[in-house]
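1. no sequence on this one, just coordinates:
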């Protein structure tokens, strides 16, 4: 099940140390201007080795678009693309061939398929998210035309949490620092924590927040395609994600309906508005025209550069110290991936909404 | 998009005040014994009017199975079923025909489709979950044969939270009280809170916890069909759900990898085990044989039996005091719905896993 | 796999001698006027016992619409519906419980599922097509608004073939006779043949032709959703169908490209037209605005009211003379089923086309 | 809609004169030996320029497998692959930029998407079938392990028809001649006809026959996934196909049921057999263990190397003589494509059948 989406549908392939990762985008609307610089810019935001906070694997991650565009525009035909792997150090993984990393996918892939490409985590590597970022960039190009924008940022690293909501910050500062946090003071604190954890050979988790602005009313498909259910599915499919909430989320369960309900009000322009947005821009699974916002929890990376107790494929106790180049914290690089999956989901819902009336 | 699942696939239909709700189950394995008493028992757990804590709508909710069974067994053919609506009081909703309830689906349905059945919330009513419970009951019958069991319970109502994890309680006590909380002291506190909130015409949210035991290793489909992504999609598609987390979830993001990783150990029987289960039974999106556990956040019900400011369909300010019979807290009745969606998801993944090798 | 269609999607259930047959229509556009008389009229065209040429099973086949409509219009929500079975004579099938009818689905269902509802053919009965006709009637209501019409007719029964093409006949005469042939002389010959075959306890095959008028340019999805591939899939899913061809079909393979190509010409109105329509209204899998026409081959019904050699479930040789009420020729009643599947396919393609541009 | 299959699912991309064609195979069973020589052999059977009867476009069509295999076996992860286009002569198509070829997809693509890659037919080119042949080769590798084989051959070119059925010929001779006809005398006649037509700048159609041996009982999914409906869909999705029939097909409609029914008989080994196979190996949409056979009609290629009347994009009358390198008859190269689509369909049905019981 390597596809996602109903109308705008992405299919991905590729292992961390195989020849390439890539995918096919089906259902891209025709006639959209293809800004290749923007697509590469999005990939660069996800690229390993982009800062001292991330893995040192040095990949240019240049995307090659193989089909579906003509004279600078999309044609409505499927867009094939790939990114070559060039900086594999497969020998770093030789000691993991028959040993399972704790809390990693090594053991479960082996049990599921009876075979596993152990090099660099194979298919379970987050390198797969390259394909999502490419597809997300195409989706953003289409959404941009409709005035829809998506912005994610690192809200929490370990115990350091940016207070307040997205409305309290200038999100244009997000890309100004390596952590992708829109507050420079907090960004520094988070960076220091990541640096410290990395030096210890350990890892740390965190939370990405995301806001979607300009989404029209009416997106989302009752009952199983509720917009937040699709967004949740999309986010939970990203490596290392452990939780998803939108609007007030878990915190809101303690409230009364009379506190939490978003009062509806007449707007000066004759339209209908809301006094608050506790709903997170979605009511009954359908967008209501307000900002959509949600949070995504990432666990600490499982691969540690310190010794851990584990077992071999034969079930013998052993010790493992991973080699290879790994992120101590995925948050900075997860931000563009969260945005990409949000863009894919929203564009798909947008296109599907065209079919509701004749 | 009123279908869910790839192999074991449910399609539902029906409005709150229409003739009936029902659905079609496709992909049910052949030869499973159909225990109709059990199916009705599951529906009775979800039934309105089952206790003083729930809505007073008095529906017997008797299911009629229309196809797909023969001489007490499933045939592999689709199972059509329905539950007649018998206790509608549609006139209670007459004042909502042209007025939108705050934080409800009234406004978004109208905007999406240009038309809305306002009676009892129409399609957006939680009455739709009847069909999920019927399908979930069939799924449980199949899973039971494989030794897989699913148990949910009310873990939190408003600010009252059952401490610890599912391992700290005897879950067989869950059905012993109206709240469906496995601790009788906490159950009483929760019941008292719901009663108080209800008396005020207000509503309150909460959290359902769920544990799946006996799930074999290998279920879940990288990369977009990760088992927790499918479970998250399933849960987020239930009315009033605002968040989903599994394993340590949001709380776990503050931990180091060295704390959170589940150490792998040799078991006395020669198999591989885990010293802890922080992963929540899923690694790399694939079940690892340990208990799968997750939490689902429910917001307070939007419909209040107290006056609220809102607008009419023409965008005029007005005040609305809902009539009709509504739950002050959905948690007690949400427990069987969470179980049903979990059962549907796990059976689907179980069947899909049969296709991985030849 | 009891669903068909991507956006306009029908799911069906029901056995011949079960409680009911029915289904769910998902993706019906909102705001379409529901003409219940028309829906019942379509069912009446398919009804058994409608003439001396068809099976004597006497079913009113009254449809009950359970959801998805409000105050005479579709709401965009799923349409559940059912038709009760009332005139089963299950005892007629008792001698087929452990005996397989030659060329019927009895044996293959038993092998596939390990269990079979033998009464009236169970799920393999053409009674399942009731659900298709209901869904097709809804599709026709939507297509009618767009000026798209669909007309099928009996073109061949056994060796009696109506010469020429659909352009040579007044198709409004199709419903004037029991065979549903637009030429009364040929209709009589066909009726005589069916009557003769029926009297002998035997059965006979034939061909249905169908034409779709008013279809806009651009429907159909390269490469696997070519419009004729979807139509072919739809037709081949109907009971007893053995072949599908569109445009010149099999006969056209003997021609040169220079003969068969449809010359493109400027029309007086400035648009582009075609001098001929050998393509059958579809080029490259996409409708070109001309009439779409195709032919569907039906084999003789397998169930004979005469003695046949066959085997028991234990593999013993035996003889079987079927009881029950069976059509000697399905063609007259197949006409509305072919139309229904065509309508479902075209509406689905029509809605999908809305998603190609933004 | 560039994907086909439910469990074994292929997604293709690529235009005739773009950088590459390729695809992703999802759902390939794990642990299958990857015989790359066989995959290339299959591609070579489809390759342009393989004989004097086919287009002169000279492409090596070397496939590069990018993922999903490890140490010579499939891993269960998606298989990405591509074939570079190297011998495009895009300038040959410059005169078709704003002119539509009669009976080609030029006009309909332009109308559907509002944009068209005119070079070499773009996405509508049969070059897309490369991806099907690669996927089909993987499917054949899996089916081979289960003893299932698939063999197609050219049965008809223009008016020259190989008499009898597949049982009358030694199909191992199919690859012994350029036409892929198992009878050398007929092969020569067909080759002569193609050569003659080609010399005139014209084109000619024909029929491919295909037989599947060793298919187990039980494949195919009532009611919309009937095995022949899926095969028909698969075949009708191939460029230039105008018709599909299985078993006795159109010819069989003139028969009585008493003639056509396949008598069931006890076999010496205690199993159940059939005296004849008029059903074509499928009854009720489910395979019955006999040979599956079907026929596929191909129209003459639309692109002619002779002058034709047509129109420009502006609707002006004009004349067009195509340049470029085109097949005068697709039959010889269609044989491996038919086999590939059959293999994809059968493997998908085979895998799906694993989910019918627990």
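-> That came through fine. Bear in mind that the values here come from a model prediction, so they are computed numbers and not experimental data. Numbering: from 1, shown residues only, chains lettered A, B, ... in the order given.
2. Name the residues of chain A found near chain C, please.
-> A:6-7, A:27, A:29-32, A:76-77, A:142, A:145-146, A:222, A:350-352, A:354-358 (CB under 8 Å from any CB of the partner chain). The C-beta positions use only the backbone N, C-alpha and C, and glycine is treated the same way.
3. right, is stretch A:85-105 up against chain B?
-> Yes. On the criterion CB under 8 Å from any CB, stretch A:85-105 is in touch with chain B at A:100, A:102, A:103, A:104, A:105.
4. if we can go back for a sec, filtering the residues of chain A next to chain C by proximity to chain D, which remain?
-> A:30, A:31, A:76, A:77.
5. out of these, what pair is the most spread apart?
-> Using CB to CB, these span at most 12.0 Å, a distance reached by A:31 and A:77.
6. what residues do the two have in common as contacts?
-> Contact criterion CB atoms under 8 Å, 6 or more residues apart in numbering or on different chains; residues shared by residue A:31 and residue A:77: residue D:113.
7. out of these two, which sits in the more crowded spot?
-> Counted by other CB atoms under 10 Å in any protein chain shown, residue A:31 and residue A:77 do not tie: residue A:77 has more neighbours, with 30 against 17.
8. can I assume the more buried one sits in a strand?
-> No. With DSSP: H, G, I helix; E, B strand; the rest coil as the criterion, residue A:77 is located in coil rather than a strand.
9. any idea how far it lies from residue A:131?
-> As for residue A:77, its distance to residue A:131 is 18 Å (criterion: CB to CB, to the nearest Å).
10. what do you get for residue A:207?
-> According to CB to CB, residue A:207 stands 24 Å off from residue A:131.
11. And residue A:90, by the same measure?
-> Distance from residue A:90 to residue A:131, by CB to CB: 21 Å.
12. Please identify which helix or strand holds residue A:197.
-> helix A:184-199 (DSSP states H and E).
13. check contacts around the closest residue in space to residue A:292 that isn't next to it in sequence.
-> Closest residue to residue A:292 apart from its sequence neighbours, by CB to CB, 6 or more residues apart in numbering or on different chains: residue A:281 at 3.6 Å. Residues near residue A:281 by CB under 8 Å, 6+ apart: A:212, A:215, A:246, A:247, A:287, A:288, A:289, A:290, A:291, A:292, A:293.
14. hey, where'd the helices end up in the stretch 251-358 of chain A?
-> A:257-260, A:331-353 (DSSP state H, counting those that start in this stretch).
15. Could you single out the most deeply buried of those?
-> Among the helices of the stretch 251-358 of chain A, the stretch with the highest mean neighbour count (mean count of other CB atoms under 10 Å in any protein chain shown) is helix A:331-353, at a mean of 27.
16. Which other helices and strands does that one contact?
-> Counting contacts by 3 or more CB pairs under 8 Å, 6 or more residues apart in numbering or on different chains; DSSP states H and E, helix A:331-353 packs against helix A:36-46, helix A:129-145, strand A:149-157, strand A:206-213, helix A:227-236, strand A:292-298.
17. Buried deepest among the ones you listed, which one?
-> Of the helices and strands packed on helix A:331-353, helix A:227-236 is the most buried (mean count of other CB under 10 Å), at a mean of 29.
18. how far is the next helix or strand after it from where the chain is centred?
-> Sequence order places strand A:241-246 as the next helix or strand after helix A:227-236, per DSSP H and E. Averaging C-alpha positions (CA atoms, centre = their mean, to the nearest Å) puts strand A:241-246 12 Å from its chain's average.
19. sorry, back to before: which one of the ones next to chain D among the residues of chain A next to chain C is nearest to residue C:345?
-> Nearest to residue C:345 among those is residue A:76, at 20.4 Å by CB to CB.
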